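Engineer: Sequence and predicted structure are below.
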Amino acid sequence: MLTLDAFEEAAAKVKEVTQETKLIESPYFSEISRNRVFFKPENMQRTGAYKVRGAYYKISTLAGEERAHGLIPASAGNHAQGVAYAAQHYGVKATIVMPTTTPLIKVERTKALGADVVLAGNVYDEAYEHALKLAEENSYTFIHPFNDLGVATGQGTIAMEIVQELPLVDYILVPIGGGGLATGVSTLAKLLNPHIRVIGVEPSGAACMKASLEAGHVVKLPRANTIADGTAVLEPGDKIFPYIQENLDDIITVDDDELIAAFLDMVENHKNSGLLTVAALRHLDFQGKKVVSILSGGNMDVITMSSVVQHGLIQRDRIFTVSVLLPDRPGELVRVAQVIADNKGNVIRLDHNQFVTTNRQAAVELRVTIEAFGTDHKQQIVKALEGEGFRPKLINAHL
């Protein structure tokens, strides 16, 4: 069972490997949500995520023989690094099974911590099945990323640190994948202060916990599709589900478009990363409360990150593309560029297609990708082009 004594033991134990992640107050998100918003930056842990807490505490509770057999988890990245780090600390072997779709940076970081990596399956659940098979064949000790009360206890130590630093916290927002973090945080929060409300946050494309709570039992989704790959879980843990039912006050689901906007907000306003709980701040239906948003991980690979930023800029009309048809004669390109410049637009890409029609004298196509300040500025530039006799056509922007 998840007891206060176990949480206190775990809190002392995880201090051996965790970095102090002090709360960061956010004036920007406080103003948007009309609450006092604080971030718990677990993405600043040595492994880039909170997962090292649960992995380390769980491994500390194993018998020496269990550790000596070697450890094996299945993970899309964060739990993998947590187990690898903890195994290295204890001097034991770790074999990590990761989906074949895992970004290379996560694979390399896990190997750098001394673990062997096996790639299997396209999603976590397929990697999980392969890890169980290897565990049985080699007598490895399996370390589940979320469906384990010991792991959940370690993750819950985050709640103790939040309450110690902000005793009068009203709400804690916690990301949900399989539910281990939410189980530990919500259970300990209620043990420390029953008045604290804990809200889980799931991506709409992988909302297995919301579906399970609505059904009253664990539900397995047919598929999961979200940019928040660390929470792309089809089925929550059955061992931890009763604790979620008892201690979680609500669940907010957020779409990928909202996650993209949240990431852009964090990068521009905090020079930090964060997705699920940051996006959820725009969904809060209360005001004037002290809210802690747990930033659970910061291991997004650079290619995904650049794609998210690009889509976020397009989504907010900070980047847009127009197509104009021009007669093929000298000076026409300069005219278009001058209109954009006069209206403080910044050209970041030009494509000139002379073969849009068979009659080049009638028309050639100019595609211009422009940086703007937002929707109003974009509309200003488009109207200015129209005012000069051009007929700009908005098309899907791309870089």
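Structural biologist: Alright, I've got the coordinates. No experiment lies behind these values; they were computed from the predicted model shown. Numbers count the residues shown, from 1 in each chain.
Engineer: And for the worst-scoring helix or strand of the chain on mean pLDDT, what's in contact with it?
Structural biologist: Across the helices and strands of the chain, mean pLDDT, DSSP states H and E gives its lowest value to helix 302-315, namely a mean of 78. For helix 302-315, the external contacting residues (CB atoms under 8 Å, 6 or more residues apart in numbering) are 103, 105, 227, 257, 259-261, 263-264, 267, 273, 300, 319-320, 397, 399. Using the backbone N, CA and C atoms, a C-beta is placed for each residue, glycine as well.
Engineer: cool, and stretch 16-35?
Structural biologist: Residues contacting stretch 16-35 (CB under 8 Å, 6+ apart): 36-42, 44-46, 52-53, 56, 85-86, 89, 161-162, 165-166, 171, 265, 269-270, 278, 281-282, 284, 286-293.
Engineer: Out of the residues you listed, which sit inside helices?
Structural biologist: Under the assignment DSSP state H, the contacts of stretch 16-35 contribute 52-53, 56, 85-86, 89, 161-162, 165, 265, 269-270, 278 to helices.
Engineer: and which of those residues is nearest to Arg329?
Structural biologist: Set against Arg329, the nearest of the ones in helices among the contacts of stretch 16-35 by CB to CB is Asp265 (45.1 Å).
Engineer: neighbours around the closest residue to the closest one other than its chain neighbours, how many?
Structural biologist: Excluding the flanking residues, the one nearest Asp265 by CB to CB, 6 or more residues apart in numbering is Val278, at 6.7 Å. Residues contacting Val278 under the criterion other CB atoms under 10 Å number 28.
Engineer: State the distance from Val278 to Ala80.
Structural biologist: Counting by CB to CB, to the nearest Å, the separation of Val278 from Ala80 is 24 Å.
Engineer: again with Glu129
Structural biologist: Taking CB to CB, one finds Glu129 at 16 Å from Ala80.
Engineer: With neighbour numbers in mind, choose between the two.
Structural biologist: Counted by other CB under 10 Å, Glu129 and Ala80 do not tie: Ala80 has more neighbours, with 32 against 13.
Engineer: show me the contacts for that one.
Structural biologist: Neighbours of Ala80 in contact, by CB under 8 Å, 6+ apart: 73, 96, 98, 106, 110, 115, 117.
Engineer: Now that we have these, can you turn them into JSON lines and tack on neighbour count, distance to Arg67 and secondary structure?
Structural biologist: What follows is these, written out as JSON lines (neighbours: other CB atoms under 10 Å; distance: CB to CB, whole Å; DSSP: H, G, I helix; E, B strand; the rest coil):
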{"residue": "Pro73", "neighbour count": "31", "distance to Arg67": "14", "secondary structure": "coil"}
{"residue": "Ile96", "neighbour count": "30", "distance to Arg67": "16", "secondary structure": "strand"}
{"residue": "Met98", "neighbour count": "27", "distance to Arg67": "21", "secondary structure": "strand"}
{"residue": "Lys106", "neighbour count": "24", "distance to Arg67": "24", "secondary structure": "helix"}
{"residue": "Thr110", "neighbour count": "27", "distance to Arg67": "18", "secondary structure": "helix"}
{"residue": "Ala115", "neighbour count": "24", "distance to Arg67": "14", "secondary structure": "coil"}
{"residue": "Val117", "neighbour count": "17", "distance to Arg67": "19", "secondary structure": "strand"}
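Engineer: which pair in those spans the largest distance?
Structural biologist: For the contacts of Ala80, and using CB to CB, no pair is farther apart than Pro73 and Lys106, which are 13.3 Å apart.
Engineer: would a markdown table of the contacts of Ala80 with distance to Phe373 and pLDDT be doable?
Structural biologist: Shown next, in a markdown table, are these (distance: CB to CB, whole Å; pLDDT from 0 to 100):
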| residue | distance to Phe373 | pLDDT |
| --- | --- | --- |
| Pro73 | 46 | 95 |
| Ile96 | 45 | 95 |
| Met98 | 41 | 92 |
| Lys106 | 36 | 83 |
| Thr110 | 41 | 92 |
| Ala115 | 46 | 94 |
| Val117 | 45 | 96 |
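Engineer: quick one: the helices in the stretch 201-350 of the chain?
Structural biologist: Using DSSP state H, counting those that start in this stretch, the helices of the stretch 201-350 of the chain run over 208-215, 241-247, 256-270, 276-280, 302-315, 332-342.
Engineer: which stretch among those comes nearest Leu191?
Structural biologist: Using CB to CB, those put helix 241-247 closest to Leu191, at 8.9 Å.
Engineer: quick one: the closest one to chain centroid distance?
Structural biologist: 23 Å (CA atoms, centre = their mean, to the nearest Å).
Engineer: which outside residues touch that helix?
Structural biologist: Here helix 241-247 makes contact (CB under 8 Å, 6+ apart) with 2, 152, 179, 182-183, 186-187, 189-190, 198, 200, 209, 212-213, 217-218, 236.
Engineer: Next: stretch 375-392.
Structural biologist: Contacts of stretch 375-392 (CB under 8 Å, 6+ apart): 316-317, 320, 322-326, 335-336, 339-340, 342-345, 370, 372, 394.
Engineer: May I have the host helix or strand of Glu31 as PDB, with CA atoms only?
Structural biologist: Element membership of Glu31 [criterion: DSSP states H and E] is helix 27-33. Provided in PDB are the C-alpha atoms of helix 27-33 (Å, rounded to 0.1, in the frame of the first residue of the first chain):
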ATOM      1  CA  PRO A  27       3.900  35.900 -14.200                       C
ATOM      2  CA  TYR A  28       2.900  35.100 -17.800                       C
ATOM      3  CA  PHE A  29       0.700  32.000 -17.100                       C
ATOM      4  CA  SER A  30      -0.500  33.600 -13.800                       C
ATOM      5  CA  GLU A  31      -2.000  36.400 -15.900                       C
ATOM      6  CA  ILE A  32      -3.500  34.100 -18.500                       C
ATOM      7  CA  SER A  33      -5.100  31.800 -16.000                       C
END
